[in-house]
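Colleague: Prediction below, plus the sequence it came from.
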Amino acid sequence: VRGRMSKTFDLQASLPRLPVPEAQATLTKYLRTIEPYCSPSEYQKHKELVQDFAKTVMPTLQAGLLERDQKETYSWLERWWNDYAYFQYRDSVLINVTYGMTYEDFPTPISQLQRASQLSSILLSLKQELELETFPQDKSKVGLCMAAYKAFFHSCRIAHPVCDYTEFYSPEVTNHVVVLVKNQFYSFPSLQADGSPLSPQQILEYLQQISGDVQVSPQYPPVGILSCHHRDTWAKSREHLLLDPNNKENLEHIQKAAFVLVLDGGEAPQNETEFAKRSWCGISDIANRFYDIPVQLIIYKDGRAGIAGEHSRMDGQPVVVVSDLLLERERKGQWVQKTSEILSAPEKLHWKITEQTQKNIDEALAYAKKEIEKAHLSVLRLPGYGKNLWKGFKISPDAIIQSVLQLSYYDLHKKIAPTYESVSTRTFARGRTETGRSVTNEMVKFVHAMNSNASHAEKLALFRETAKAHVTNAGESAKGLGVDRHFLGWRLIAAEKGISHPLFTDPVFVKSCTWNLSTSTLAPKMITSISFGPVVADGYGVCYTFRSHDITFCTSSAHPTTDATKLNERILQNLNKMKDMLANQQQAKL
């Protein structure tokens, strides 16, 4: 449900703080979540370790966490989460942090530059609405935190040794769009003289000039590819670039952009999987990107569009909201009309490329190509399998899909997968996500029953228990009462105080948060797919997008022992099994 109040950020001051969960409740919940991975003897041994933790170090750690909560402006977790989950992560953001989204096609044939112009103009209007605080608030049954929207435009992740950070820039002092085409950087102003966003026609004129200039002007090596390298390597390469004043000015200009518009130079994507993967990680046009910007709007040769998003400051929900508004307004032709204003010429960014920088670019390109070759993506779109179907069975659609994922993983690997499901905590100030540990004892029993001679009635009864447990767990996570963020807080307090305990390195503890299935779900209106990578080497990343009339699974893998295509095949098989089981139940009632 979307509502409108006087200003976009009016509710921020009244949102509750993310709670520090009660310590014993978290331990009880934790023990329940590790049972699926333990033999009875392993469980008993680990339970004794947890009891020792509770008696010895937990009181000190919980007190430290409560003290931190009193000192932090918005949330005990926010700054920790940014650093621990994202900025201290040193591998490339290309596969591991970036996500890709693909947009619905425009209803009629359209050129690359025309689509780029339309979408860019509307996106600039949405940006202005956020700045004027007329952008509609996100609302569920209660208000949701809107802070993430402030990172959508005019911000950039900065590569830095050990720990990255974000720079935020004021639109009052910087207002331009950066364009990437044929690995070259261009820029044009985003506002007219009266402060209104450029019209599609004005942007089209800029893009036509840029497209002509790039054919005849000097071609620089692809500086953007440096952002795809290991973060410490990129930080070092960046420092070398900054030694030249002009290069420094260029980097700052890119960082300050409202967003980056990418005119993809490859041939039009041939199928949905290629479309999704290119939006996620570039493939043939990988060097024509800059992956530290939160939003890269990508337009392909055939007028199709998508985005690549940098995850550190924004989760998927705000990006889906902006994208749906963007596409809805495009369909309705709701954009700024052309004025008679004379436009300035677009600016091309000229670089000084030293021998060292060229070496860094070559190494980054080789690194990126190797990462892309490892990444395997499979897209499974199923018309007729959307929310309308599953709601008819009066069971949580998400519980059905999580059960299907576990069944499918078990089919391939003959074991239960520790599973991360992203659960939003935006009902709290600066809330982002909690882990929904979707593997429960109930789910394990159901998976085993589905692979046995159990009767239809037994399987159905076990599934109903699974769905009930899933809804309860997800609800607790949404209230900030999950397991993983609380344990993260304890571990970081322990590190600060020099406290250790064997619980944190115990194999059972480690296994329970080694996410062989990393999953997320969103419900867009006009986004056709959302892709991201696995979070462990031998795992899968699975994003399933529910719409009323269809569901799409974007499944990724990057290891010889995992296969995204085979997992999607099993997902389809198990979806049909679930559909038949639930449909038979309805028929029996009739």
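Modeller: That came in fine, so what should we check first?

Colleague: Low-confidence regions, the stretch 301-450 of the chain specifically.
Modeller: For the stretch 301-450 of the chain, the stretches flagged by pLDDT under 70 are 338-340, 342.

Colleague: just the strands in it please.
Modeller: 305-309, 347-348, 376-383, 419-424, 433-437 (DSSP state E, counting those that start in this stretch).

Colleague: what helices or strands is the second one leaning on?
Modeller: In other words, strand 347-348. Packed against strand 347-348 by the contact rule (3 or more Cβ pairs under 8 Å, 6 or more residues apart in numbering; DSSP states H and E) you find strand 184-189. C-betas here are computed from N, CA, C, even on glycine.

Colleague: how about the CA coordinates for the strand it packs on, as PDB?
Modeller: The C-alpha coordinates for strand 184-189 follow below in PDB (Å, rounded to 0.1, in the frame of the first residue of the first chain):
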ATOM      1  CA  GLN A 184      34.100   6.800 -22.600                       C
ATOM      2  CA  PHE A 185      32.700   9.200 -19.900                       C
ATOM      3  CA  TYR A 186      30.500  12.100 -20.800                       C
ATOM      4  CA  SER A 187      28.400  14.500 -18.800                       C
ATOM      5  CA  PHE A 188      25.500  16.800 -19.300                       C
ATOM      6  CA  PRO A 189      23.600  19.100 -16.900                       C
END
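
Colleague: partner strands of it, parallel or antiparallel?
Modeller: If you go by DSSP bridges, strand 184-189 pairs up with strand 176-181 (antiparallel), strand 347-348 (antiparallel).

Colleague: tell me the mean pLDDT over stretch 96-111?
Modeller: For stretch 96-111, mean pLDDT rounds to 96.

Colleague: cool, stretch 543-562 as well?
Modeller: Average pLDDT, stretch 543-562: 96.

Colleague: Most tightly packed of the strands of the stretch 301-450 of the chain?
Modeller: strand 305-309 (a mean of 28; mean count of other Cβ atoms under 10 Å).

Colleague: Give the pairing partners of that strand; include direction for each.
Modeller: Counting by DSSP bridges, strand 305-309 is paired with strand 99-103 (antiparallel), strand 295-299 (antiparallel).

Colleague: on that earlier part again, could you point out which of the strands of the stretch 301-450 of the chain sits nearest residue 173?
Modeller: For those, the distance to residue 173 is smallest for strand 347-348, at 17.0 Å, taking Cβ to Cβ.

Colleague: Any chance of the backbone angles for residue 451?
Modeller: Phi and psi for residue 451, reported as degrees, to the nearest 10, are phi -110, psi 30.

Colleague: Near the residue lying closest to it once chain neighbours are set aside, how many residues? Count them for me, please.
Modeller: Closest residue in space to residue 451, ignoring its immediate chain neighbours: residue 410 at 7.0 Å, by Cβ to Cβ, 6 or more residues apart in numbering. For residue 410, the neighbour count with other Cβ atoms under 10 Å is 19.

Colleague: do residue 359 as well
Modeller: Residues within reach of residue 359, counting by other Cβ under 10 Å, total 12.

Colleague: distance of it from residue 195?
Modeller: Counting by Cβ to Cβ, to the nearest Å, the gap from residue 359 to residue 195 is 44 Å.

Colleague: distance between the longest helix anywhere in the chain and the chain's centre?
Modeller: Criterion DSSP state H: the longest helix present in the chain is helix 564-589. The chain centre lies 27 Å from the centre of helix 564-589; the measure is Cα atoms, centre = their mean, to the nearest Å.

Colleague: What helices and strands are in contact with it?
Modeller: When contacts are defined as 3+ Cβ pairs under 8 Å, 6+ apart, helix 564-589 packs onto strand 376-383, helix 397-413, helix 456-478, strand 540-546, strand 550-557.

Colleague: Can you list the strands that the first one pairs with?
Modeller: As defined by DSSP bridges, the strand partners of strand 376-383 come to strand 550-557 (antiparallel).

Colleague: which residues touch the partner strand?
Modeller: Applying Cβ atoms under 8 Å, 6 or more residues apart in numbering, the contact partners of strand 550-557 are 276, 375-387, 401, 528-534, 539-545, 563-565, 567-568, 571.

Colleague: need the strands paired with strand 305-309 in JSON lines with mean neighbour count and distance to residue 206, can you?
Modeller: Shown next, in JSON lines, are the strands paired with strand 305-309 (neighbours: other Cβ atoms under 10 Å; distance: least, Cβ to Cβ, whole Å):
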{"stretch": "strand 99-103", "mean neighbour count": "26", "distance to residue 206": "21"}
{"stretch": "strand 295-299", "mean neighbour count": "25", "distance to residue 206": "14"}
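
Colleague: how about these, which one is nearest residue 316?
Modeller: strand 99-103 (7.0 Å).

Colleague: now that closest one against strand 540-546, angle please.
Modeller: Interaxial angle of strand 99-103 relative to strand 540-546 (axes from the mean of the first three to the mean of the last three Cα atoms, to 10 degrees): 30 degrees.

Colleague: right, and residue 524 touches residue 320 too?
Modeller: Yes: with contact defined as Cβ atoms under 8 Å, residue 524 counts as touching residue 320 (4.7 Å).

Colleague: Now distance to residue 88 too, for the helices and strands packed on helix 564-589, in a markdown table please.
Modeller: Formatted as a markdown table, these follow (distance: least, Cβ to Cβ, whole Å):
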| stretch | distance to residue 88 |
| --- | --- |
| strand 376-383 | 27 |
| helix 397-413 | 29 |
| helix 456-478 | 24 |
| strand 540-546 | 20 |
| strand 550-557 | 23 |
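
Colleague: The longest helix of the chain: which residues count as buried?
Modeller: By 16 or more other Cβ atoms under 10 Å, the buried positions in helix 564-589 come out as 564, 567-571, 574-575, 578-579, 582, 585.

Colleague: Out of the helices and strands packed on helix 564-589, the one nearest residue 61 is which?
Modeller: helix 456-478 (20.8 Å).

Colleague: by contact count, what packs against the next helix or strand after the closest one?
Modeller: Counting by DSSP states H and E, the next helix or strand C-terminal to helix 456-478 is helix 484-497. Counting contacts by 3+ Cβ pairs under 8 Å, 6+ apart, helix 484-497 packs against helix 23-34, helix 58-71, helix 78-81, strand 433-437.

Colleague: now do 7 Å
Modeller: Packing partners of helix 484-497 (3 or more Cβ pairs under 7 Å, 6 or more residues apart in numbering; DSSP states H and E): helix 58-71, strand 433-437.

Colleague: Counting neighbours, go ahead and name the busier of residue 524 and residue 320.
Modeller: residue 524 (23 against 19).

Colleague: Once you drop chain neighbours, what's closest to residue 484?
Modeller: Per Cβ to Cβ, 6+ apart, closest to residue 484 is residue 435, 3.9 Å.

Colleague: how close does the one you found get to residue 140?
Modeller: Taking Cβ to Cβ, one finds residue 435 at 20 Å from residue 140.

Colleague: Over to residue 180?
Modeller: 36 Å.

Colleague: and those two? which has more neighbours close in?
Modeller: Shown here are residue 180 and residue 140; by other Cβ under 10 Å, residue 180 has more neighbours (25 against 13).

Colleague: in the stretch 151-300 of the chain, which spans are helices?
Modeller: Secondary structure of the stretch 151-300 of the chain (DSSP state H, counting those that start in this stretch): helices located at 200-216, 231-242, 245-255, 272-281.

Colleague: which of these is buried the deepest?
Modeller: By mean count of other Cβ under 10 Å, those have helix 272-281 as the most buried, with a mean of 25.
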